[in-house]
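J.: Quick one: sequence plus predicted model below, questions after.
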Amino acid sequence: MAAHTPGKVYMHLPRYAREEGAPDMMDLLRQDDEIWNLFTRKEEYEKPDRDQFDRFSYYQSGHRDVFVPRASQMLVENGFSPEYPESRPFVICLSHDVDTVYQPLHVRGFEAAKALRERRFLDAGSIVRQLNPRKCREQVFEEITGLEDSYGARSSFYVLALEKGAREYAYPLEDLEQEISTIRKGGWEVGLHGGCDAYRDFESLVREKQYLESVLDRKVTGYRSHYLRFRVPETWELLERAGFLYDTSLGYPDCVGFRNGMCHPFRPYDLNRDREISVLEIPLVVMDRTLLLHMRLNPERAWDRMKRLFDAAERYHGVITVLWHNEFMTGDPLRFYRKILEYGREKGAWMTGSHEIAAWWRENGMRMPKAP
Ligand SMILES: [Zn+2]
């Protein structure tokens, strides 16, 4: 079991441990133009084309080899060596975005019909029994935490903190109060799943943060954007101003992999103002929908991609952030998630939430050797 420190709030910013005379991480990355441009996401400053959710997609990127963490590779080859608790070889950062809590009845009806067609009579029966709307809740917390606990894992849940009437409003946060409190005591994290405007509007961001803090009765330090809406570098700057310690939204919606060539947490660099931003980015690498729907892979090929990412993380002692929505914790996607947990246990990976990784990074960072 990984070491857990439930209930602890980390208010300090991450630093990179550096011996006197050792090279600076940014200086090193800057030595290679191509890697520096990839790391800073320079192309996102220059290309105005974005999709309908105001996102920069992989298909627009000039950096095609998204399975190779080139920036991390360069750092490791120059002596950076992150170390994790109990000498674990790499990290699987587990997370769930809670977009929905109550499932519409027609979805259940559709699932029951599908199960009958496929002659899965037991499944159909259990779906029909759940047609009572009071029971039509998505897998929210207990089932997921129970599963993760059986693998010695923890994770982060990002919840929407929207007021009734807001765009994308899905549930009253108060409905989750009891469950949130229970899982937090067990070492799981609850962070903010920023709504449709929060990634570009400071007031929305702060309002949602304060609403969640009032329900949790504590500071909120972690962030993930709904639909992965993100603007480089504006969203990081807003998060910094609002007092977040980390973000974990930087992944492509249309392809899994390393969007800025990093398979490690890092402090982003703002090219407009020529400075480091004091928010830790724990880049998102795999989103369930991306891997299982958008990339149109069969389960074997999807697992093959997953393995390539894990192999890279193992080679460079990296962090693979995985996002599995609570409504995906059923059927084939649930089996896939279980396979990730099994693989992580087999490999001795540290499987935990972003809060613990951010805290660990602050204390330890990437060790850098002295220059020869
Ligand atoms: Zn979402």
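T.: Thanks, I have it.

J.: you'd agree E168 is up against G194?
T.: No: E168 lies out of contact with G194 (Cβ atoms under 8 Å); the separation is 10.4 Å. To be clear about C-beta, it is placed using only N, CA and C from the backbone, and glycine gets the same treatment.

J.: Now do the shared contacts for those two.
T.: Common contact partners of E168 and G194 (Cβ atoms under 8 Å, 6 or more residues apart in numbering): H226.

J.: Which one's more surrounded, the two?
T.: G194 (32 against 13; other Cβ atoms under 10 Å).

J.: Need phi/psi at that one.
T.: G194 adopts backbone torsions of phi -60, psi 130, taken as degrees, to the nearest 10.

J.: State the distance from it to S225.
T.: According to Cβ to Cβ, to the nearest Å, G194 and S225 sit 5 Å apart.

J.: check contacts around the closest residue to Y227 other than its chain neighbours.
T.: Using Cβ to Cβ, 6 or more residues apart in numbering and skipping residues adjacent in sequence, the residue nearest Y227 is F53, 4.7 Å away. F53 sits next to Y227, L228, R229, P253 when contact means Cβ under 8 Å, 6+ apart.

J.: In a strand, F53, correct?
T.: No: read with DSSP: H, G, I helix; E, B strand; the rest coil, F53 is coil and lies in no strand.

J.: Can you give me every residue that contacts whatever residue of the stretch 251-372 of the chain ends up closest to the ion?
T.: Residue nearest to the ion within the stretch 251-372 of the chain: H325 (7.3 Å; Cβ to the ion). Residues near H325 by Cβ under 8 Å, 6+ apart: H96, D97, V98, D99, D288, R289.

J.: Count residues in the vicinity of the nearest residue to the third one once chain neighbours are set aside, would you?
T.: Excluding the flanking residues, the one nearest V98 by Cβ to Cβ, 6+ apart is V159, at 4.7 Å. Here the count is done by other Cβ under 10 Å, and V159 has 27 residues near it.

J.: what does this structure put close to the ion?
T.: Taking Cβ under 5 Å from the ion as the criterion, the neighbours of the ion within the chain are D97, D99, H226.

J.: Can you give me the neighbour number for Y171?
T.: Neighbour count for Y171, taken as other Cβ under 10 Å: 19.

J.: Can you verify my assumption that it contacts L160?
T.: Yes: counting by Cβ under 8 Å, Y171 does reach L160; the two are 7.2 Å apart.

J.: and the closest residue to G318 other than its chain neighbours, what element?
T.: Excluding the flanking residues, the one nearest G318 by Cβ to Cβ, 6+ apart is C263, at 3.2 Å. Using DSSP states H and E, C263 maps to neither a helix nor a strand.

J.: Please name the residues that touch C263.
T.: When contacts are counted by Cβ under 8 Å, 6+ apart, C263 touches P69, S72, P283, V285, A312, A313, Y316, G318, V319, I320.

J.: Not counting sequence-adjacent ones, nearest residue to the first one?
T.: Residue nearest to P69 in three dimensions, not counting chain neighbours: C263, with 3.8 Å by Cβ to Cβ, 6+ apart.

J.: per-residue confidence for that neighbour?
T.: Per-residue pLDDT puts C263 at 97.

J.: separation between it and R315?
T.: Distance check for C263 against R315: by Cβ to Cβ, it reads 9 Å.

J.: How about R117?
T.: In this view, R117 and R315 are 44 Å apart by Cβ to Cβ.

J.: Looking at the two, which one has more neighbours?
T.: Neighbours per residue (other Cβ under 10 Å) separate R117 from R315, with R315 holding more: 15 against 9.

J.: Identify, by residue count, the longest strand of the protein.
T.: If you go by DSSP state E, the chain has its longest strand at strand 91-98.
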